[in-house]
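>>> show me how the following folds:
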Amino acid sequence: MQDYQRPPTLHRYGPCSELEQALKTGQFRLIPSGSFLTVSFSKVWDKKLFDVLAPADCCLVIHNTEEFGERLHRAVQRSLPNWAGIDGPVEYGVRSRLGSAFTKSGEQAQEQEWQFAWRSMSPNASLNPVTVRIGSLEQFAELRDRESHLV
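Numbers count the residues shown, from 1 in each chain. Reported below is the predicted structural model:
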């Protein structure tokens, strides 16, 4: 399988109050999608995504994606020890080699997502949203508004 290189920056568009928590405490909510728990980011800065991902009024920009990804995987491993995690690009309009969790319709292609996903190793695990905290991201992330000013 191809080894995916994380993009140099990741962008999470959302409500400022939610993203302030992400910046200060590294709090992220994993949501059920198919048989996975996922959290998605965009690989791009694009003002149009504030509207596409409404009610977004803020963007968390992560500059050290390697450190971020490793910390996120470790935190989920601590919270969900019997789950396996992977991250990679979402494919639009074609089936991703990473499977259905990384496959979306062509209409969503403007989001240019990079997704983190975890699947339970237990056959009957319940899929409920899970909140994890990975610690402050302030060393390598920032909040920006639509006009790309620091918040």
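
>>> what's the helix or strand where residue 68 lies in contact with?
Using DSSP states H and E, residue 68 maps to helix 65-79. With CB atoms under 8 Å, 6 or more residues apart in numbering as the test, helix 65-79 has contacts from 6-10, 26, 28, 30, 37, 39, 62, 83, 85, 87, 116, 118, 130, 132-135, 137, 140-141. Where you see a C-beta, it was placed from the backbone N, CA and C, and this is true even at glycine.

>>> which strands and helices sit next to the following helix or strand past it?
Note on helix 65-79: by DSSP H and E, the next helix or strand toward the C-terminus is strand 83-89. Secondary-structure packing of strand 83-89 (3 or more CB pairs under 8 Å, 6 or more residues apart in numbering; DSSP states H and E): helix 65-79, strand 113-120.

>>> what ranges does this protein have for its helices?
Ranges of helices in the chain, per DSSP state H, are 16-25, 48-52, 65-79.

>>> to residue 104, which of those helices lies closest?
helix 48-52 (12.8 Å; CB to CB).

>>> list the buried residues for the closest one?
Across helix 48-52, burial judged by 16 or more other CB atoms under 10 Å covers 49, 50.
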